[in-house]
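1. Provided below for reference: sequence and predicted model.
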Amino acid sequence: MGWVLMSEGELNRVEVLSQVSQGRMTATTAANVLGLSRRQVHRLLKKFQSDGPAAIRHKARGRVSNNRIDPAVRVSLTRWFCDPQALYQKGTVENTNNRLRKYLSRSTEPMPRKCLGWKTWAEVFREK
């Protein structure tokens, strides 16, 4: 068996679970030490006894995050921030961000527009 990379918290879990499996600590005490429920400790103990310490480590270790930003989008977003030393950029960037915030609002309901006679685009579309 090869090396298993683990965090300090995972190593602490392995140590506590090994004490529980050897009978030196109860599951209730282990639950208090690890900040888990007794039921979770029993589940971890079952995995630990069947597959060893490698079963305790996080399964997503070494994988790319699901919440990562696409590199192309990241490059296009960086231009909306001003340089910290260039104070003359601040007003322009804040104005641009406010305009973008208006059009890219997070609300699910469409905003009424002055150009549409203070109606939403959905109301105008339904009228036609």
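-> That came through fine. Residues are numbered from 1 along each chain as shown.

2. immediately after the worst-scoring helix or strand of the chain on mean pLDDT, which helix or strand?
-> Here the helix or strand of the chain ranked lowest by mean pLDDT, DSSP states H and E is helix 71-78, holding a mean of 70. On the C-terminal side of helix 71-78, the nearest following helix or strand under DSSP states H and E is helix 90-103.

3. what pLDDT, on average, does that following helix get?
-> Regarding helix 90-103, the rounded mean pLDDT is 75.

4. return the distance of it from the chain's centre.
-> In terms of CA atoms, centre = their mean, to the nearest Å, the centre of helix 90-103 is set 27 Å apart from its chain centre.

5. quick check, pLDDT for residue 116.
-> pLDDT, read off for residue 116, is 86.

6. same question, the one 3 residues further on
-> Confidence per residue is given as pLDDT, and for residue 119 that number is 86.

7. what about the nearest residue to it once chain neighbours are set aside, neighbour count?
-> Closest residue in space to residue 119, ignoring its immediate chain neighbours: residue 112 at 5.9 Å, by CB to CB, 6 or more residues apart in numbering. In this view, the C-beta of every residue, glycine as well, is placed from N, C-alpha and C. Burial measure for residue 112: 12 neighbouring residues, criterion other CB atoms under 10 Å.
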